[in-house]
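>>> Just to be clear, the model below is a prediction. Sequence and coordinates:
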Amino acid sequence: MSEETAPALPCIVCGKQLRDAMHSEDALGPPERNQPYAGTAFTTNGHYGSTVFDEVFGQTIEINVCDICLLDAAREHKVMFFVARRKTEYTDRGWWVPDVDEERVREIDRKRHG
Ligand SMILES: [Zn+2]
């Protein structure tokens, strides 16, 4: 496999192009699967209250956030964390506090994205 990999979706916050973690050789275009390296994919079926996406027939949208933007957002208390036991029962609710070596994450990001 080549070192250059097909892209996953870009980070929706900073616009950084993320690479596919699975070293796909897929062509450009919407990825058949979105498995970002140094990023996380988020899916939603929308929800009541959204004025742009509140789908009731199963359609789904997916976005990526790179690890750096996710860490920054967590620090700013923009990311919720909980353990979902049932869809309507959430426990341990609070702010997400990443348990990572942030310097290592930033080093990986610099190596992968310049
Ligand atoms: Zn980002």
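Arrived safely. The structure presented is a predicted model; accordingly, all values stated were derived computationally and were not measured.
>>> Could you pull up the mean pLDDT of the longest helix belonging to the chain?
The longest helix of the chain (DSSP state H) is helix 102-113. For helix 102-113, the mean pLDDT works out to 87.
>>> Against which helices or strands is that helix packed?
Contacts defined by 3 or more CB pairs under 8 Å, 6 or more residues apart in numbering; DSSP states H and E place helix 102-113 against helix 67-75. For glycine as for every other residue, the C-beta is placed from the backbone atoms N, C-alpha and C.
>>> could you redo the last one with a cut-off of 10 Å?
strand 39-44, strand 61-66, helix 67-75 (3 or more CB pairs under 10 Å, 6 or more residues apart in numbering; DSSP states H and E).
>>> CA atoms only for the longest one, dumped as PDB, please.
Meaning helix 67-75. This file holds the C-alpha atoms of helix 67-75, laid out as PDB (Å, rounded to 0.1, in the frame of the first residue of the first chain):
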ATOM      1  CA  ASP A  67      -8.300  15.100  17.400                       C
ATOM      2  CA  ILE A  68      -6.800  18.600  18.000                       C
ATOM      3  CA  CYS A  69     -10.200  20.400  17.500                       C
ATOM      4  CA  LEU A  70     -11.800  17.800  19.800                       C
ATOM      5  CA  LEU A  71      -9.300  18.400  22.500                       C
ATOM      6  CA  ASP A  72      -9.700  22.100  22.200                       C
ATOM      7  CA  ALA A  73     -13.500  21.800  22.400                       C
ATOM      8  CA  ALA A  74     -13.300  19.600  25.500                       C
ATOM      9  CA  ARG A  75     -11.100  22.100  27.200                       C
END
